[in-house]
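Undergrad: Here is a sequence with its predicted model. Questions after.
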Amino acid sequence: MQNIQTYINTHKDRFLNELIELLKIPSISADSTYKNEVIKTAEAVKTQLEQAGCDTVEICKTKGFPIVYGEKMIDKNLPTVLVYGHYDVQPPDPLNLWNSPPFEPVIKETDSHPEGAIFARGACDDKGQMYMHVKALEFMTKTKQLPCNVKFMIEGEEEVGSENLGDFVKANREKLSNDVILISDTGMIAKDTPSITTGLRGLSYVEVEVTGPNRDLHSGLYGGAVANPINVLAKMIASLHDENNHITIPGFYDKVEILSEAERAEMAKAPFSLEAYKKALDIDAVYGEAGYTTNERNSIRPTLDVNGIWGGYTGEGAKTVIASKAYAKISMRLVPHQDWKEITQLFKSHFESIAPKGVTVKVTPHHGGQGYVTPIDCIGYQAASKAYKSTFGKTPIPQRSGGSIPIVSLFEKELKSKTILMGFGLDSDAIHSPNEHFGIFNYLKGIETIPYFYKYFTELSKQK
């Protein structure tokens, strides 16, 4: 019987070329200009699932971009694994910071990936990691080693908040019924230090608009006499943190989970070099909430960050103007027990209350989601741990993530099953940034590890 390592060695070039072709399609869900390309990507994913061995594959329409659903059902008495991923990608801006075009994938060596990495938008988030599951299924079906049933739900709106996924899940509970959900849209500590993400932060994303005079004004004639919306917005944003970088919104921390010293000590066992962290980002110091380490600040503590700010004249040369309006986009990463809708309302009420006279403020919520924690005593986690041990030779470290996958809490609520987050990306892979990439080692290691999850999950399910 052919093993997975032999299969990968035989088909390595094809696996890489297929992913490269998928990465060439600019499936940018946030930009309506690319609507046809997003749909084209859905069709490409459908084709690949069919070729990998799914008996049924369909493109399911939503009010937005379609969801690709596929399944390989071998025995209704066996466990069913539901694989979730997404085929849409972030916008590539700013384009001038890319060393190669974002949708013309190239393989280059890096310090983190001396064996080579694929540079393209979506390489790691999430086309590369989603496609690992397609190729893992191919191996299991072609070699007749699939030990259980498998379903795929690959959506095209994750990068814009999965607005239509909730309705789809609620309307298709029976179709999506499963014993465990498997997602690869996270990362691991290092290539020689596997880890499993056991917690995700929630998210609240808003846009704010500050309006002053009814038109742009000459800064010489009106400067100092009327409120400047850009100046006001800057002060309002600055006031959202105190001198200890603690968020000042009343009630913001009321439901924040406080981890015990024992839990924090366990987290601290994960290998981490502060000097290497600073060097990788080319900074001379870290920054954040007082009383917490870097790894705690970006995983177990909530945050508030400005993601974009604009207003007035930003073109070449000078234009002495006081803008009528100023804008900012703000994201808040939340920890378990913080409800994103409640936090959004707290932000709105506070931000409106701190506006000085002379301006009006509008807060527009965009999207959000709840945080999530995977219990490490469930058989899904145990199966994933054994899978990593089989391919890396090391027991993976449980790790809280700073990122958000809002639909994970939705899955547990609607489908009543736990989600296992088996990510293979690295922090250095520049997801959401220029020069995003995914290591060839990581890509192939994911394909190698995933079949072991199926094997161990099926075995552990029989022992329940």
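TA: That came through, no problem. Numbers count the residues shown, from 1 in each chain.

Undergrad: Enumerate the positions of stretch 349-357 that are buried.
TA: 350-351, 355 (16 or more other Cβ atoms under 10 Å). The way it works is simple: take the backbone N, C-alpha and C, and place the C-beta from them, glycine included.

Undergrad: distance of residue 31 from residue 100?
TA: Distance, residue 31 to residue 100, using Cβ to Cβ, to the nearest Å: 20 Å.

Undergrad: what do you get for residue 437?
TA: Using Cβ to Cβ, residue 437 is found at 10 Å from residue 100.

Undergrad: quick one: common contacting residues for these two?
TA: 108, 119 (Cβ atoms under 8 Å, 6 or more residues apart in numbering).

Undergrad: out of the two, which sits in the busier spot?
TA: Legend: neighbour count by other Cβ atoms under 10 Å for residue 437 and residue 100, higher for residue 437 (29 against 14).

Undergrad: Quick check: that one touching residue 111?
TA: No: taking contacts as Cβ atoms under 8 Å, residue 437 lies outside contact range of residue 111: 11.8 Å.

Undergrad: can the buried residues of stretch 349-357 go into CSV with extra columns for pLDDT, secondary structure and distance to residue 168?
TA: Listed next are these as CSV, based on pLDDT from 0 to 100; DSSP: H, G, I helix; E, B strand; the rest coil; distance: Cβ to Cβ, whole Å:
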residue, pLDDT, secondary structure, distance to residue 168
350, 98, helix, 34
351, 98, helix, 33
355, 98, coil, 39
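
Undergrad: Enumerate the positions of stretch 164-180 that are buried.
TA: By 16+ other Cβ under 10 Å, the buried positions in stretch 164-180 come out as 164-166, 168-169, 172, 176, 178-180.

Undergrad: what pLDDT, on average, does it get?
TA: Taken as a whole, stretch 164-180 has an average pLDDT of 97.

Undergrad: got it, and stretch 216-234?
TA: The model assigns stretch 216-234 a mean pLDDT of 96.

Undergrad: just stretch 437-446 next, same as before
TA: The average pLDDT within stretch 437-446 is 98.

Undergrad: Distance from the chain centre to it, please.
TA: Its chain's average C-alpha position is 17 Å from that of stretch 437-446, according to Cα atoms, centre = their mean, to the nearest Å.

Undergrad: Same question for stretch 15-30.
TA: 17 Å.

Undergrad: Let's see it as PDB, backbone CA atoms only.
TA: Only the C-alpha atoms of stretch 15-30 are listed here, as PDB (Å, rounded to 0.1, in the frame of the first residue of the first chain):
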ATOM      1  CA  PHE A  15       0.800  19.700  -6.500                       C
ATOM      2  CA  LEU A  16       2.800  22.900  -6.800                       C
ATOM      3  CA  ASN A  17       1.700  23.700 -10.400                       C
ATOM      4  CA  GLU A  18      -1.900  23.200  -9.500                       C
ATOM      5  CA  LEU A  19      -1.700  25.600  -6.600                       C
ATOM      6  CA  ILE A  20       0.200  28.100  -8.700                       C
ATOM      7  CA  GLU A  21      -2.600  28.100 -11.300                       C
ATOM      8  CA  LEU A  22      -5.200  28.700  -8.600                       C
ATOM      9  CA  LEU A  23      -3.100  31.600  -7.200                       C
ATOM     10  CA  LYS A  24      -3.100  33.300 -10.600                       C
ATOM     11  CA  ILE A  25      -6.800  34.000 -10.300                       C
ATOM     12  CA  PRO A  26      -7.300  37.400  -8.500                       C
ATOM     13  CA  SER A  27     -10.300  36.300  -6.300                       C
ATOM     14  CA  ILE A  28     -10.600  39.600  -4.400                       C
ATOM     15  CA  SER A  29     -14.000  39.500  -2.700                       C
ATOM     16  CA  ALA A  30     -13.700  43.100  -1.400                       C
END
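
Undergrad: Pull out the buried positions in it.
TA: For stretch 15-30, burial by neighbour count (16+ other Cβ under 10 Å) applies to 15-16, 18-20, 22-29.

Undergrad: I'd like those residues as JSON lines, with secondary structure, distance to residue 46 and pLDDT appended.
TA: As requested, the buried residues of stretch 15-30 are exported to JSON lines (DSSP: H, G, I helix; E, B strand; the rest coil; distance: Cβ to Cβ, whole Å; pLDDT from 0 to 100):
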{"residue": "15", "secondary structure": "helix", "distance to residue 46": "18", "pLDDT": "98"}
{"residue": "16", "secondary structure": "helix", "distance to residue 46": "21", "pLDDT": "98"}
{"residue": "18", "secondary structure": "helix", "distance to residue 46": "14", "pLDDT": "98"}
{"residue": "19", "secondary structure": "helix", "distance to residue 46": "16", "pLDDT": "98"}
{"residue": "20", "secondary structure": "helix", "distance to residue 46": "19", "pLDDT": "98"}
{"residue": "22", "secondary structure": "helix", "distance to residue 46": "12", "pLDDT": "98"}
{"residue": "23", "secondary structure": "helix", "distance to residue 46": "17", "pLDDT": "98"}
{"residue": "24", "secondary structure": "coil", "distance to residue 46": "17", "pLDDT": "98"}
{"residue": "25", "secondary structure": "coil", "distance to residue 46": "13", "pLDDT": "98"}
{"residue": "26", "secondary structure": "coil", "distance to residue 46": "18", "pLDDT": "98"}
{"residue": "27", "secondary structure": "coil", "distance to residue 46": "13", "pLDDT": "98"}
{"residue": "28", "secondary structure": "strand", "distance to residue 46": "19", "pLDDT": "98"}
{"residue": "29", "secondary structure": "coil", "distance to residue 46": "17", "pLDDT": "98"}
